[in-house]
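# Sequence and predicted model, in that order:
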Amino acid sequence: MIKIEIVNGPISFFTNDDSGKQDGAELIFNGRVRATEHGKNITALEYEQYEGMAEVELTQLAKATCEKFPIHDIFCKHRIGRVHVGETSLHVSIGSKHRKEGLDAMTWFITELKKHVPIWKWAILEDGSKIPSECSHE
Amino acid sequence: MIKVTIKCFSQVKYALGTDELTLEFEMGKTTSQLEQLIREKAHGKLDGISLRVAINQKYIPNETELIDGDEVAFIPPVQGG
């Protein structure tokens, strides 16, 4: 099963589902906002999306992940808008029969997300100014 | 004449100072020619920044001729996560 959500506001984590009795592994990844960006102190990141395309690309990526790896479930929430330091910007849950394929799938999914899904970060500096983040994973 | 809408994000928005442009030009304009125009409008602020092209919210791998009503985005390196 695939669930994709892009949310503008705090992320509520997916709740545990104990009905997946074929799964021996449940992997959770939470990406959080760090206090620094390229050596500069920040108070928050502001996530911008290409509305429509971002959700389509994220859904296609989740489907591709399920085809590439023997996993059963992938659930993902990505936050947009202002996310303060320490808060969660990305929440991913993957269910798989064994841990290895789940770990491999999680790594691949997040790596590809950072290459293709049209979402960007703006750094909010301590003086309140806002600049495009220099962080890139190309 | 054709009219296209250009969606601007991240560094493109920062360089051009807007999140959307509407341009009109003669038929036959390609994505590469439009990218060149956008880079000129940015006065060097997009130098060294790679841009992928999306038309109507789909990545386009090759140079494509634009048609009336297209929504075009020049997508700088993405940064989700």
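Arrived safely, thanks for sending. Numbers count the residues shown, from 1 in each chain, chains lettered A, B, ... in the order given.

# From the contact counts, what lies against the host helix or strand of A:Ser89?
In this structure, A:Ser89 is located in strand A:88-96 according to DSSP states H and E. Strand A:88-96 is packed against strand A:25-32, strand A:71-79, helix A:99-116, with contacts defined by 3 or more Cβ pairs under 8 Å, 6 or more residues apart in numbering or on different chains; DSSP states H and E. All C-beta atoms are positioned from the backbone trio N, CA, C, and that covers glycine.

# how about the first one against chain B, any contact?
Yes - on the criterion Cβ under 8 Å from any Cβ of the partner chain, strand A:25-32 is in touch with chain B at A:Gly31.

# Which element is encountered next along the chain beyond that strand?
strand A:36-37.

# So that next one, near chain B or not?
No - against chain B, strand A:36-37 shows no contacts by Cβ under 8 Å from any Cβ, the least distance being 10.5 Å.

# re the thing from before, who does the strand holding A:Ser89 pair up with?
Sheet pairing of strand A:88-96 (DSSP bridges) gives strand A:25-32 (antiparallel), strand A:71-79 (antiparallel).

# Find the residue closest to the residue nearest the centre of chain A in space, skipping its chain neighbours.
With distances taken as Cα atoms, centre = their mean, A:Leu90 lies nearest the centre of chain A, 3.3 Å away. Nearest non-adjacent residue to A:Leu90, counting by Cβ to Cβ, 6 or more residues apart in numbering or on different chains: A:Gly31, 3.6 Å away.

# so that neighbour touches B:Gln79, yeah?
No - counting by Cβ atoms under 8 Å, A:Gly31 sits too far from B:Gln79 to count as a contact (11.4 Å).

# the more surrounded of those two?
Legend: neighbour count by other Cβ atoms under 10 Å in any protein chain shown for A:Gly31 and B:Gln79, higher for B:Gln79 (23 against 18).

# so where's the chain uncertain?
The chain I'm using is chain A. Within chain A, the ranges that satisfy pLDDT under 70 run A:17-18, A:20, A:135-138.

# which parts of it sit against chain B?
Counting by Cβ under 8 Å from any Cβ, chain A comes close to chain B at A:31, A:47-48, A:50, A:52-54, A:56, A:78, A:89-90, A:110, A:113-122, A:131-133, A:135-138.

# what pLDDT does the nearest residue to B:Glu71 once chain neighbours are set aside get?
Closest residue to B:Glu71 apart from its sequence neighbours, by Cβ to Cβ, 6+ apart: B:Thr5 at 4.9 Å. B:Thr5 is assigned a pLDDT of 98 by the prediction.

# which residues does B:Thr5 form a beta bridge with?
Beta-bridge partners, per DSSP bridges, of B:Thr5: B:Thr22, B:Glu71.

# got the contact list for it?
Residues in contact with B:Thr5 (Cβ atoms under 8 Å, 6 or more residues apart in numbering or on different chains) are B:Glu20, B:Leu21, B:Thr22, B:Asp70, B:Glu71, B:Val72.

# Out of these, which is nearest to B:Glu35?
Proximity of the contacts of B:Thr5 to B:Glu35 (Cβ to Cβ) peaks at B:Val72, which lies at 9.1 Å.

# my guess is that closest one contacts B:Ile55, does it?
Yes - if you go by Cβ under 8 Å, B:Val72 and B:Ile55 touch, sitting 5.7 Å apart.
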